[in-house]
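>>> Turn this into a structure:
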Amino acid sequence: MDAAVKELQAGGLIISPEIRSRLSPLVHEHINFHGRYPIVRSHGDGSLRALRDPNSSEE
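Numbering: from 1, shown residues only. Alright, predicted model coming up:
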């Protein structure tokens, strides 16, 4: 989440401290409090994928 915020800010988007304080991955079903996260990474080199372009017509 922090990497996405940093990339958005590097692109010129201003994200206030109030908004950053409310960002949480806990609204997603795959995040739980048991310590098990079923996330499959498609990048074997450990890199993060690029952010989705909100202006793109693809989903």
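>>> after the top helix by length along the chain comes which helix or strand?
Scanning the chain for the helix with the most residues, using DSSP state H, yields helix 2-10. In the C-terminal direction, the helix or strand that comes right after helix 2-10 (DSSP states H and E) is helix 17-22.
>>> Need the contact partners of that following helix.
residue 5 (CB atoms under 8 Å, 6 or more residues apart in numbering). Glycine gets a C-beta too; all of them are placed from N, C-alpha and C.
>>> in it, what's buried?
Buried residues in helix 17-22, counted by 16 or more other CB atoms under 10 Å: none are found.
>>> Who are the contact partners of residue 7?
Contacts of residue 7 by CB under 8 Å, 6+ apart are residue 51.
>>> Before we move on, what's the pLDDT of it?
Note for residue 7: predicted pLDDT of 89.
>>> For this protein, spot the helix or strand the model is least confident about on average.
Of all helical and strand segments in the chain, the minimum by mean pLDDT, DSSP states H and E falls on helix 17-22, at a mean of 86.
>>> List the residue ranges of the protein that fall below the pLDDT cut-off.
Along the chain, segments meeting pLDDT under 70 span 25-44, 58-59.
>>> From residue 9, how far off is residue 16?
According to CB to CB, to the nearest Å, residue 16 stands 11 Å off from residue 9.
>>> cool, residue 48 as well?
For residue 48, the distance to residue 9 equals 15 Å [CB to CB].
>>> And for residue 52?
Per CB to CB, residue 52 is found 17 Å from residue 9.
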